[in-house]
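**Student:** model this:
(2 chains)
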Amino acid sequence: MRSHHRASRRRERLGPPKVELNLTPMIDVVFQLLIYFLLGTSFAVGEQTFRMDLPDRGGRGQVDPFELDDSPVVIQVLGSGRVYVAGPWQGPNRTINLAEFLEEQRLDRGGLLPTDTPIHIDPNPGVDWGEAVEAFNAAVLAGYHSVGFAEGTARAGSGR
Amino acid sequence: MSALSRLDAGRPVRTGANLTPMIDMTFLLVVFFVLVSRITAVEQVPMELPVPTDPASNPADETARIVVNLAAGELANPRSVTLDQTAYGLDPDGLRNLEIELRRRLTNSPEVQVNLRADRRIDYAFVAPVIDTIARSGRGTGRPDGVRVNLVVMNEHERGATP
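**Tutor:** Here you go, the predicted model:
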């Protein structure tokens, strides 16, 4: 009886009880989810890249005497979906046939060109960039590793 | 909660959620997303990227990069090329300044690559000098194979597949 009395007096001294929601675990979980989605999300949705190394041919002072002089295959992009591939063959006239043609010319497919043959895309100045990239894509799609853009003899890149 | 109520029968029970941590977190998130969206906007100037049919391109990796944007102007062809928020003219002076800035950054960061984002409607005549400038900027930066450039394109299939 006495102990019950003492307990109720202590409760009176402490005041009314407070009920609180502990939000800390929820915030912890939210933070974990945030990190997960940040790591898994790309802000450049759908964007992809073609890799291309751009050597500075104009500034080259030393010439490697052991470097083989690979004559490149030059693909002229004429505009309106037309291309011209200079060489000892009846090349395709249209960009849509370019990948198939280049693949047939690969050494491992019975053609004459090793896959490291430099492919130079040479768009006409008035050709839009999208069409130039289309030809670049065709060469990469055909399996060549050294594809770049050419401007006269000044520039050539290699990439995929 | 029911145990407490039983102990304090007859007393009003005050309930209240401590919202302070949640508000703290909310503000932190707001600040974070504002900063991220600004960074993204600087790198990703809105434009129509090339969309190759049957693309053989690769997903963009997370390597450090410099983003050079060549957006279309009013009559499709651009007047300037932008690096971060700085615009450089396509005249020889502008391109020379761009080359100097690119070389400075390439020298400071040996692993850095250059992403070239150009609008697909632009004439190649406007893109070629920028590619030349990027190539020249690698001079003296210790890159025997030249500057690594990533031509940015849009993969429509990837865009459709990404939530």
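**Student:** what residues does the top helix by length along chain A touch?
**Tutor:** If you go by DSSP state H, chain A has its longest helix at helix A:24-40. Contacts with helix A:24-40, where a contact means C-beta atoms under 8 Å, 6 or more residues apart in numbering or on different chains, come from B:21, B:22, B:25, B:29. For every residue, glycine as well, the C-beta is placed using N, CA and C.
**Student:** could you export those residues as CSV, including neighbour count?
**Tutor:** As requested, the contacts of helix A:24-40 are arranged in CSV below (neighbours: other C-beta atoms under 10 Å in any protein chain shown):
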residue, neighbour count
B:21, 13
B:22, 15
B:25, 16
B:29, 13
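**Student:** just those residues that are near chain A?
**Tutor:** B:21, B:22, B:25, B:29 (C-beta under 8 Å from any C-beta of the partner chain).
**Student:** now the most centrally placed residue in chain A: which helix or strand?
**Tutor:** Centroid-nearest residue in chain A, with C-alpha atoms, centre = their mean: residue A:49, separated by 2.3 Å. Mapping residue A:49 onto the secondary structure by DSSP states H and E places it in strand A:47-54.
**Student:** residue B:35 too?
**Tutor:** Following DSSP H and E, the helix or strand that holds residue B:35 is helix B:20-43.
**Student:** and for residue A:19?
**Tutor:** Residue A:19 is located in strand A:18-21, with elements delineated by DSSP H and E.
**Student:** how about residue B:130?
**Tutor:** Element membership for residue B:130, per DSSP H and E: helix B:124-137.
**Student:** what is the mean pLDDT for the helix or strand just after that helix?
**Tutor:** The C-terminal neighbour of helix B:124-137 among helices and strands, as given by DSSP H and E, is strand B:147-154. The pLDDT scores in strand B:147-154 average 88.
**Student:** check stretch A:96-107 too.
**Tutor:** When pLDDT is averaged along stretch A:96-107, the result is 90.
**Student:** ok, stretch B:91-105 next?
**Tutor:** Confidence over stretch B:91-105 (mean pLDDT, whole number) is 92.
**Student:** what are the buried residues along that stretch?
**Tutor:** Counting neighbours by 16 or more other C-beta atoms under 10 Å in any protein chain shown, one finds that the buried residues in stretch B:91-105 are B:94, B:95, B:98, B:99, B:101, B:102, B:103, B:105.
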